[in-house]
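A.B. asks: predicted model, plus sequence, below.
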Amino acid sequence: MKFPGRRKLKHYFPVSQPKPILPTSEVQPDKDTYIVGLDETIVDVVANVSDAFLDKFSIKKGLSNLVDADTAVEIFAELTAEQCISDHFAGGTIGNTIHNYSVLADDKSVLFGVMSANIGLGSPAYHYICHTSSKVDMNHLQGVTGDIGRGITLITPDGERTFAIAPGDMDELNTDHIPESIVAGAAALVTCAYPLRHQAKPIKQAMIMALKHSRQHNVPVALTLGTTHLVEEHRDELLELIKEYVTVLAMNESEAEALTGLSDPLAAANRILDHVDLVLLTAGAEGMYLCGHTEEALKRETTNPIKSGHLADFNRWEFSRPMAKSACQHPIKVFSHIDPYLGGPEKIRNTNGAGDGALSALLHDISANHFHKEAQPNSTKHLAPFLAYSSFAQICKYANRVSYEILVQNASRLSRGLPEREDSLEEAYWEQ
Ligand SMILES: Nc1ncnc2c1ncn2[C@@H]1O[C@H](COP(=O)(O)OP(=O)(O)OP(=O)(O)O)[C@@H](O)[C@H]1O
Ligand SMILES: Nc1nc2c(ncn2[C@@H]2O[C@H](CO)[C@@H](O)[C@H]2O)c(=O)[nH]1
């Protein structure tokens, strides 16, 4: 706007000053460090039930079971009548992961998915929004007329969680809602195998489009496998997808076995490394493994006790930093393992989301590397094109600590970050 005539006061109308830039929650690809998650939008309806309840509805324990709308209504009616519904939480394996990422990194992430266009109080969409960090950018969601998915989360007395998923409109996400520029500027794209079990739904093509954009713009892709029977049923298709697009594959030990036929987690991780750069394998009470590649000339030896299992002295090089196999002249495989933090919580009421928590910690380390590289491209940290900021061993420790926090909070998502004094996880871990 032009200044309207002359005034004595010099700064009365500051035409020469640029408009102040107000902070915005919307991700700006050229300015922000963020990750993108593509998911089926699901709210978890948590209920405590007996094992007999699962049998009654032929629900397979520990897995994510798809149920039709009528069965969902029946289950819901019985849970309501018996007053066993304890809570509603935002869920979805990737929704959880990017929420946790935003809490840990105190930074932005973007959700690609659907959301009910009209949100009523107490509706699934309402609960989802209420329990999601404000740092998760929801500006690119696709509006739908129906409900988002409902994940009836059945917790049996042993703390195991089993899902009965009523999909609603969660798989209607289409390719019009996958903006290329948002993917292109991301530090990583994270998604899951679940869309493969809805072959005829638009979400599968939407996911493939996001994967293609990532590949084209060299954005690392993390894929989490979801649940065992999904892997068994779609193994070949999944393997093709993994070989073509995936940088980081995350799973638990039974999903790893379904994918490779190998029950030993280390053997399974070793096999999967033939297809991807990095493997995060959580193994419940057995802790977790982070396995990948590094350049022979840049490998670093651990000072932790040496471990042997399916592979002898497998953790010898766990102080190395992860690299893409294709970025190494002489790639070597690196394996790291950690036992549960403090042996795990005294009592586990609900294991839901512990694996998602571990993946969010790994993604935080990957995006921290991305941020540092943009800010300090000449730092010695970037002498080689590393995938992550920290070593395999340090990431394992961080991921393990985050899983523990989910387990003690008895919720599938972090409600707060890790304690400040643990900025140096190194000290805190060994002092306890
Ligand atoms: N019973 C347990 N005792 C101690 N630690 C545990 C236990 N269960 C899980 N953990 C911790 O949580 C991490 C992840 O758990 P788990 O392998 O159960 O993930 P998951 O099956 O992928 O979970 P989800 O799919 O619900 O996110 C483990 O690597 C471990 O550190
Ligand atoms: N996207 C997606 N997430 C699921 C499905 N089944 C269970 N989950 C989520 O997995 C999370 C735990 O890892 C829970 O919060 C569930 O909401 C599914 O079919 N699709």
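C.D. replies: Thanks, I have the structure now. Ligands and ions are numbered 1, 2, ... in the order given.
A.B. asks: quick one: name the residues of the stretch 301-432 of the chain near ligand 1.
C.D. replies: Contact residues, the stretch 301-432 of the chain versus ligand 1 (C-beta under 6 Å from any ligand atom): 340, 344, 348, 351-356, 358, 400, 403, 407. C-beta coordinates here come from the backbone N, C-alpha and C atoms, glycine included.
A.B. asks: ok, and the closest non-adjacent residue to whichever residue of the stretch 301-432 of the chain sits closest to ligand 2?
C.D. replies: Closest contact between the stretch 301-432 of the chain and ligand 2, by C-beta to the nearest ligand atom, is at Ser412 (4.2 Å). Of all residues beyond its chain neighbours, the one nearest Ser412 is Gly353 (3.2 Å), with distances taken as C-beta to C-beta, 6 or more residues apart in numbering.
A.B. asks: again with Ala258
C.D. replies: Leaving aside its chain neighbours, Ala258 sits nearest to Val231 (3.8 Å; criterion: C-beta to C-beta, 6+ apart).
A.B. asks: can you show me the CA trace of stretch 79-97 as PDB?
C.D. replies: Extracted C-alpha coordinates of stretch 79-97, given in PDB (Å, rounded to 0.1, in the frame of the first residue of the first chain):
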ATOM      1  CA  LEU A  79     -18.500 -53.600  25.300                       C
ATOM      2  CA  THR A  80     -20.800 -50.600  26.000                       C
ATOM      3  CA  ALA A  81     -23.400 -52.900  27.900                       C
ATOM      4  CA  GLU A  82     -20.600 -54.400  30.000                       C
ATOM      5  CA  GLN A  83     -19.000 -50.900  30.500                       C
ATOM      6  CA  CYS A  84     -15.600 -52.100  29.500                       C
ATOM      7  CA  ILE A  85     -14.600 -49.200  27.300                       C
ATOM      8  CA  SER A  86     -12.000 -47.200  29.200                       C
ATOM      9  CA  ASP A  87     -10.900 -44.600  26.700                       C
ATOM     10  CA  HIS A  88     -10.600 -43.200  23.200                       C
ATOM     11  CA  PHE A  89      -7.100 -42.400  21.900                       C
ATOM     12  CA  ALA A  90      -5.900 -41.300  18.500                       C
ATOM     13  CA  GLY A  91      -4.300 -44.300  16.900                       C
ATOM     14  CA  GLY A  92      -3.100 -45.600  13.500                       C
ATOM     15  CA  THR A  93       0.400 -47.000  13.500                       C
ATOM     16  CA  ILE A  94       1.800 -44.000  11.400                       C
ATOM     17  CA  GLY A  95      -0.400 -41.400  13.100                       C
ATOM     18  CA  ASN A  96       1.200 -42.600  16.400                       C
ATOM     19  CA  THR A  97       4.600 -42.500  14.900                       C
END
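A.B. asks: ok so, going back, the residue nearest to Ser412 touches Ile406, doesn't it?
C.D. replies: Yes: contact criterion C-beta atoms under 8 Å: Gly353 and Ile406 qualify, at 5.0 Å.
A.B. asks: give the contact list for the residue nearest to Ala258.
C.D. replies: Contacts for Val231 (C-beta atoms under 8 Å, 6 or more residues apart in numbering) come out as 193, 225, 238, 251, 255, 258-259.
A.B. asks: can we see that at 10 Å?
C.D. replies: 193, 196, 225, 238-239, 251, 254-260 (C-beta atoms under 10 Å, 6 or more residues apart in numbering).
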